[in-house]
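Novice: Structure for this input, please:
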Amino acid sequence: MMTKLPMIETPSPNYDERSLPITMLVLHYTGMPDAASAINWLANPESKVSAHYVVTEDGQIIRMVDEAKRAWHAGRSHWRGIDDINSASIGIEIINPGHEWGYRPFPEAQMGSLIPLVHDITQRHRITRGNIVGHSDIAPARKQDPGELFPWGQLARLRLALPRPTKNLMDPHWTDGGFMLALERFGYDIAEPQAAVVAFQRRFRPERIDGVIDGECRAILLALLLPKPRGDE
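Specialist: Below is the predicted model of the structure:
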């Protein structure tokens with residue numbers, strides 16, 4: 001079953017067949033100077049990259065790859081035991097110049113289209129909140145997107161992402177090694193430990209991204225690992 005939301009069809013030839021069921025949704029920013037260049041790149045057979053959907057800053061939704069197919073958006077990545085994330089996920093590219101070209105907040109019109117699209121996809125595929133992730137969550141050593149300005153809290157309040165835990169936080173005083181094991185258990189690839197810490201902070205403590213494991217990071221991660229994450233729901 002496909003989404004009924006209004007959208008523009010701009011097919012990309014860059015896809016193949018899935019080898020896993022859809023259990024994840026990955027959010028990216030395009031990280032290119034403008035929308036036209038990003039969409040052209042995703043549709044260019046030379047690029048070997050694509051996404052299922054693109055959401056423009058003025059709120060248009062562009063469908064590039066059928067959900068049944070494996071789009072090429074994740075690259076080398078890992079989350080919760082899955083390495084072929086392209087096979088297991090739907091990818092949405094959100095138009096934004098990104099850290100390289102003038103990173104800026106995501107406009108209301110864009111979020112106003114992204115949120116119904118995320119809701120629609122996650123309902124149809126029964127994707128859990130813990131598997132709605134950013135590109136930096138699944139590829140911490142390579143990626144920063146959608147970045148610290150992305151309003152995850154807005155999605156979390158609609159139960160479309162895990163909330164940042166804020167209540168009854170308690171520092172478990174893990175060693176740094178203990179924190180890394182807990183981070184791996186939560187889902188991150190910890191092969192490059194500092195990159196994994198930075199990705200965790202970018203997602204769950206974006207006001208201070210310093211790669212340093214501190215009491216607040218430990219307390220947030222502990223709360224996320226508890227059976228019911230507590231946050232701004």
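
Novice: and the strand or helix carrying residue 28, which strands flank it?
Specialist: Residue 28 is located in strand 24-29, with elements delineated by DSSP states H and E. Using DSSP bridges, the strands paired with strand 24-29 are strand 89-94 (parallel), strand 132-134 (parallel).

Novice: Residues in contact with the shortest one: which ones?
Specialist: Outside of strand 132-134, the residues that reach it under the criterion Cβ atoms under 8 Å, 6 or more residues apart in numbering are 24-28, 79, 118, 122, 145-147, 150, 152, 155, 160-162, 187, 202-203. Where you see a C-beta, it was placed from the backbone N, CA and C, and this is true even at glycine.

Novice: what residues are up against the most far-flung residue of the chain relative to its centre?
Specialist: What lies farthest from the middle of the chain is residue 173; by Cα atoms, centre = their mean that is 28.4 Å. Shown in contact with residue 173 (Cβ under 8 Å, 6+ apart): 215, 218.

Novice: Assign the closest residue to residue 93 other than its chain neighbours to helix, strand or coil.
Specialist: If the residues on either side of it in the chain are set aside, residue 93 comes closest to residue 51, at 4.2 Å by Cβ to Cβ, 6 or more residues apart in numbering. At residue 51 the chain is in coil, as set by DSSP: H, G, I helix; E, B strand; the rest coil.

Novice: Near residue 51, how many other residues are there?
Specialist: 29 (other Cβ atoms under 10 Å).

Novice: my read: it touches residue 62, true?
Specialist: No: Residue 51 lies out of contact with residue 62 (Cβ atoms under 8 Å); the separation is 9.2 Å.

Novice: show me the contacts for residue 137.
Specialist: 79, 187-188, 199, 203.

Novice: is it true that residue 82 touches residue 26?
Specialist: No: if you go by Cβ under 8 Å, residue 82 and residue 26 don't touch, sitting 11.1 Å apart.

Novice: Looking only at neighbour counts, state which of the two leads.
Specialist: The neighbour comparison of residue 82 against residue 26 (other Cβ under 10 Å) goes to residue 26, with 29 against 18.

Novice: Enumerate every residue touching that one.
Specialist: 73-74, 85, 89-92, 133-135, 138.

Novice: tell me the contacts of the residue lying closest to residue 210 once chain neighbours are set aside?
Specialist: Counting by Cβ to Cβ, 6+ apart, residue 201 is the residue found nearest to residue 210 once chain neighbours are left out, at 7.3 Å. For residue 201, the contacting residues are 208-211, 217, by Cβ under 8 Å, 6+ apart.

Novice: distance of the most centrally placed residue in the chain from residue 22?
Specialist: Centroid check for the chain by Cα atoms, centre = their mean gives residue 134 as the closest residue, at 1.6 Å. In this view, residue 134 and residue 22 are 18 Å apart by Cβ to Cβ, to the nearest Å.

Novice: same question, residue 189
Specialist: Counting by Cβ to Cβ - residue 189 and residue 22 are separated by 21 Å.

Novice: do the same with residue 81
Specialist: Distance from residue 81 to residue 22, by Cβ to Cβ: 16 Å.

Novice: now residue 115
Specialist: 19 Å.

Novice: These two: which is more packed in?
Specialist: For the pair residue 115 and residue 22, the greater number of neighbours falls to residue 22 (19 against 16), based on other Cβ under 10 Å.
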